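[1] Need coordinates for the below:
(4 chains)
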Amino acid sequence: MKREVPLIITFLSGIIIIIAFFIPLYPFGSYKNFPGLQDRFLQWYNILLGFTLILGIDTLIAYHWKKIKEGSKDAPYSIALIVSIFITLAVGIFSWVKYGDPFKAGSPFMFYYDYIFVPLQSTMFALLAFFIASAAYRAFRARNLEATLLLIAAAFVMIGRVPAGDNILNIYLFGYHITLPKIAAWILDTPNMAVQRGILIGVALGGIAMSLRIILGIEKTYLS
Amino acid sequence: MKKIYDILEFLGKIDRRWIFLFVFVFTTLPLALKFKVRVTPTEEVKIAFNYIENLKEGDRVLISIDYDPASMPELQPMLYAILRHLFRKNLKVIMMGHWPLGLPLGKTALEEVAKEYNKKYGEDYVFLGFRPGGSAVMVAMGSEIRNVFAADQYGTPLDSLPVMRDVHNYDDIALLIGLEAGSTGDFWVQFANARFGQEIILGCTAVIAPNLYPYYQAGQIRGIIGGLRGAADYENLVGKLGTGSIGMWVQSAIHILIIIFIIFGNVGYFVLRRRRKRSV
Amino acid sequence: MNFILILFALTANFEVTDYPNDSGDKLNIKIFLSHPDSVISVKVFREEEKELRELEPIKIFPEQKEYLLTDKGIDRGRSYNYILEVETVDGKKIRKIISDVVPKAELFHKKRLNVLVFLIFYSFFLFFYLGKARKGEELFLRKIPGLDAIDEAVGRSTEMGRPVLYILGLGYISDIATLAGLSILGRVAKKVAQYESDIIVPCFDPIVMAAAQEITKQGYMEAGRPDLYKEKNIFFLTQDQFGYAAGVDGIMLREKPGAIFFQGYFYAESLILAETGYSIGAIQIAGTTATTQLPFFIAACDYTLIGEEMFAASAYLTRDPLMVSTIKGEDIAKMVFMGFIVLGTIFGSLPFASNLYNLIMNFLQTF
Amino acid sequence: MYSGFLHAFGVWLAAFFTLSIFSFLYKDNPFYKFAEHIYVGSSAAYWILYLFVFDVKPLLWDAFFRNTGFEKWILIVPFALSLMMLTRFIPNISWISRYAIAFVVGIGAGLAITGSIQGILIPQLKGTLVPLFGKENFWHYVNNWILVAGVLTTLFYFYFSIHHRGILRGLAKTGIIFIMIAFGAAFGYTVMARVSLLIGRIHFLLFEWLSFIFH
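    As a prediction, this is how the structure comes out:
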């Protein structure tokens, strides 16, 4: 009962979406102001997907709560985490009730967003500028043909896409004006495009195979 | 001769915190001294600009905020430049988003630029906000946008907003501009363009720009505005330089710095390998 | 010259057709105006039981000659009359009437036949191979060169008397890349057990950690050395992206592993991991489907399994019918794609084959 | 947006968090850990807030009071499914959440199949059918040759049902050359993205935090 019914639900909901894709007739497609099965299922899907956003939160709080109870050396950080969850939530709900919209410029929630959340998240990723420079220096070696090709293409695109590269190279070949930006643009337009297309097709084929297995109940890991 | 090899080998072993210092200095100094550089716009950005330039006055343009503060330095200047262009051409702007963490960024930019061109909310622009569902929202907007957005962010029903009165689905939207930091752009292409024929231009971070070229070549999107370079190009085309252009001088400096680091690293590597081959 | 222009009386016309591929509640109205600049207003009315309903007014642009309007929410199968009224600058009024137009519903969306053809063809081959694989038939998969690199790396690491470090990335148990990484872990654990060496697996997600412990223990058992398996070497580190990278860097510098494996789904932290791994001189074998991280791994690691090579490697190792049959099904689809591209480009280049080429292109048109 | 004092206090707060994250460059330290945990905590809270502001309120609450008749009472179904989803937080009855998750996964799979075939496979195939010779100028066709060769050899590189020997080995080798050039381009462009993030933060530190020095 606990395993069969979910598989049936997955099968029915998946099949109806696929059938409604091919058959516009009511009840699959909408007719005048009677929503069809597809539009109604999508509406329910939107509502439910919102709830999946918060699914991980209980494991997060449980994990940090355990660290506080155990009194591990990282306990103060866990306290900071749980406290910041509730403060942000309280500030958010207060702003929503008071201003009718938490994003109203000047509301306490926007203060929290502008001066705490934005700096934290954007600085977190700004670290990468340093790491990409040190990784480029310490780890990127032309150890074989493949790595050499990668580094040459990288150098062309890097120098071709910044203003410094505009007038380093200026030659005329077969009536074409060759410059570094044009080489970089060509690398992105043709070889890069062809490979990304090849990979895109491979990923799409894999995704379709996985989705088919999910609908037909062959793939059950999502139920674990 | 041995002295030179020692120096070359040393080049391969500089401590990484020196590298961090170089990057910090070459970013802070040019910014502090406000170095500016003129960029000649790249082809795809010009094509995107011209596409918007050919839209008719009063056409409705849907902007989708699909990024968050982690991609703000690239996409926020791009959003400002695009909004200035749209309002200058008296196009109607409808803003929504799939990344809730980035919505306030979109809303702040929209209100600021709207004030700059004294546009009226409800008449010239509208902010719809976010609905969970991703591709399901995109498909629902293909039949009737009110199935998903019955009201705007402030609770006003769409029918009482002049901009939205005769907008029902993609047939009434001249162009969709997606500002992408992840894979939401791919979904727009699959569900808005392939299924309903919606014309799309994608502005994106430089990380995912290479992944969008297959859509551009296949004609599924009309233009790509890639990374800070794309933002600076668009600022140039619109004729109002902003934070996009300021960063380009630093980009030049750091890119050259990194290429030099790669060369140093490889020189040190090959010297070491030759010495080890001879001594073993 | 302008005398002739005035003689050209404005012609306005319109045409009402059934909205294609719908549930029968819509009609398409196309309006033609020869001189849009000399038109003040255009009104379209639908006649229902002697009562005229005006449709939404349309905005006229001086240079646009054609306008498209959709009349919605009408009854399938009922016949309707439409009236077009155009008012011109010099006060003239043009009236055109089209009567008994019937909106029809379509059973099948004709523009989406290409999707159905592909779906049927692809599903057939996927389940054809699944059936064969489940019956135990031997399905050929070429050996992935990366597998030799994996065995060699473990060998050289144990020769130097140093442990092996295995990183499963930041994916969850539901990510395909993490599942592939776990099956490759099984192979590495077995090799490590044979060489009587140690394997360290710091994890990002508790559920993935539990699976990793299970698979590593099984690897040691298959090598006949269950006594060497140390559960404490497979532990949960942290769930923060950069905290995890910093933690793993610390382990690398302390334990100085001879071989490091990055197999799973990675984000921007791949950079920090691969760089420190290279700096301690370890042999690094990476594998991920995250295309944005592949450039760093290729440049910094000794060998990298690119995207689908990871699935092929784990299918080759585990011989799991589901994985093997999926790869065979995908291969058939790729072969058909390659054939289609070769034929399509040739037809596109030969002038006499152009109508065949246009037939293919129309078949592939999605909207 | 904020009064003088509030803005100044906010900028100093932002600068504190910016510098504590940057301290990670020197080494992992308490300041970084403290800032990082606040980041994880506050973003978790955002998701809870967004659930109510953008999902429960407009799609359930407002929809219930706006609609009438059948459309009004049909909303009981998504409401019930949402409660079933929430049972995931209660250990002994968390298996009920499987029904709601099964529905979400089923719809997601159906959308993925139709989206991938119609949105990726068919248009990408159509985009590759470019002419290889004809009246236009010579270089246009060279470009098409390279494009088609790139797609074919990349697809062949990820083809696992045949040994890569002889001529096929050459095809795979060409494939890997194309792939390396493409990943090189991807790496080159990513550098710009990462550097932009740093420019954003340094720009903030200089012109907002130290605005009394730099303006």
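[2] Chain A contacts on the stretch 151-280 of chain B?
    Near chain A, the residues belonging to the stretch 151-280 of chain B are B:153-155, B:209-211, B:213-214, B:216-217, B:227, B:229, B:248-249, B:251-259, B:261-262, B:264-266, B:269 when assessed by CB under 8 Å from any CB of the partner chain. Placement of C-beta: from N, CA and C, glycine included.
[3] you'd agree B:R275 is up against B:Y5?
    Yes: applying CB atoms under 8 Å, one finds B:R275 in contact with B:Y5, separated by 6.8 Å.
[4] With adjacent residues omitted, what lies nearest to whatever residue of the stretch 1-150 of chain B ends up closest to chain C?
    Using CB to the nearest CB, the closest approach of the stretch 1-150 of chain B to chain C is made by B:K56 at 5.9 Å. Spatially, and ignoring its direct neighbours in sequence, B:K56 is nearest to C:F61 (5.9 Å; CB to CB, 6 or more residues apart in numbering or on different chains).
[5] Give me the distance between the one you found and chain D.
    Per CB to the nearest CB, to the nearest Å, C:F61 is found 31 Å from chain D.
[6] Test my guess that that residue contacts C:P36.
    Yes: contact criterion CB under 8 Å: C:F61 and C:P36 qualify, at 6.6 Å.
[7] Tell me which stretches of the stretch 251-367 of chain C form helices.
    Ranges of helices in the stretch 251-367 of chain C, per DSSP state H, counting those that start in this stretch, are C:270-279, C:294-300, C:308-318, C:321-349, C:354-363.
[8] Which strands or helices does the shortest one pack on?
    Packed against helix C:294-300, as judged by 3 or more CB pairs under 8 Å, 6 or more residues apart in numbering or on different chains; DSSP states H and E, are the following elements: helix A:118-139, helix A:145-160, helix C:270-279, strand C:283-288, strand C:303-306, helix D:167-204.
[9] go again using 10 Å as the cut-off
    Helices and strands touching helix C:294-300, by 3 or more CB pairs under 10 Å, 6 or more residues apart in numbering or on different chains; DSSP states H and E, are helix A:118-139, helix A:145-160, strand C:259-265, helix C:270-279, strand C:283-288, strand C:303-306, helix D:167-204.
[10] Also the third one?
    Taking 3+ CB pairs under 10 Å, 6+ apart as contact, the helices and strands that helix C:308-318 lies on are helix A:193-215, helix C:145-159, helix C:176-194, strand C:259-265, strand C:283-288, strand C:303-306, helix C:321-349.
[11] For residue 151, grab the count of nearby residues.
    Just going to use chain A. A:L151 has 25 neighbours, counted by other CB atoms under 10 Å in any protein chain shown.
[12] Correction: the question concerned chain C.
    13.
[13] before we move on, what about B:R274?
    13.
[14] Quickly find the element holding it.
    helix B:243-279 (DSSP states H and E).
[15] so who does residue 202 touch?
    Answering for chain A, as no chain was given. Under the criterion of CB atoms under 10 Å, 6 or more residues apart in numbering or on different chains, the neighbours of A:G202 are C:289, C:306-308, C:311, C:330, C:333-334, C:337, D:154-155, D:157-159.
[16] my bad, the chain I had in mind was chain B
    Counting by CB under 10 Å, 6+ apart, B:L202 touches B:44, B:48, B:64, B:66, B:176-180, B:184-186, B:188-189, B:208-209, B:212, B:215-216, B:220-226.
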